[in-house]
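> Here is a sequence with its predicted model. Questions after.
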Amino acid sequence: MALDESREGDEVFDDRGLTYVVEKALYDYIKPIRVDYVNSPMGSGFNISSSMQLGGSCGGSCSC
C-alpha cells in the first residue's frame with residue numbers, strides 16, 4: 001500500500017471518505033478488496049483482504 005496519483009488504466013473508488021487507486025489489471029484479479037483500519041494489542045494499521053488466494057508458506061507463525 002502506498003500513496004500515489006491515479007494513472008490511465010487505474011481503478012479509482014471512494015469508501016468511507018478515502019480514495020483508493022488500484023491498477024485495473026490487479027483490481028480485476030483480486031476484487032473484492034476490503035480495507036479496514038484496526039487497533040489491536042500489537043499496534044494499529046491497515047488490514048487489507050481480498051479474494052486473492054495466497055499459496056505456500058512464509059515459514060513463520062504468521063498468516064502470510
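Structure's in. What do you need? Just so it is clear, the structure is predicted and the values come from calculations on it, not from any experiment.
> which residue is nearest the middle of the protein?
Nearest residue to the geometric centre of the chain (Cα atoms, centre = their mean): Ile48, 4.0 Å.
> Now do that residue against Pro41, distance only.
Ile48 is 20 Å from Pro41, where distance means Cβ to Cβ, to the nearest Å. For every residue, glycine as well, the C-beta is placed using N, CA and C.
> Burial check on Gly43, number of neighbours?
Number of residues near Gly43 (other Cβ atoms under 10 Å) recorded here: 7.
> tell me the pLDDT at it?
On pLDDT, Gly43 comes in at 91.
> Beta-bridge partners for it, please?
Beta-bridge pairing for Gly43 (DSSP bridges): Ser40.
> next one: Glu11
Counting by DSSP bridges, Glu11 forms beta bridges with Val22.
> Model confidence for it, exactly?
For Glu11, the predicted pLDDT is 90.
> before we move on, the earlier item: name the helices or strands packed onto the host helix or strand of the residue nearest to the centre of the chain?
Secondary structure here is read from DSSP states H and E; on that basis Ile48 sits in strand 43-50. Judged by 3 or more Cβ pairs under 8 Å, 6 or more residues apart in numbering; DSSP states H and E, strand 43-50 is in contact with strand 33-40.
> re the thing from before, look up which residues are beta-bridged to the residue nearest to the centre of the chain.
On the basis of DSSP bridges, Ile48 is bridged to Val35.
> wait, isn't it in contact with Tyr37?
No. Ile48 is beyond contact range of Tyr37, at 10.5 Å (criterion: Cβ atoms under 8 Å).
> returning to what we had before: list of residues touching the strand holding Ile48?
If you take Cβ atoms under 8 Å, 6 or more residues apart in numbering as the criterion, strand 43-50 is touched by 1, 30-38.
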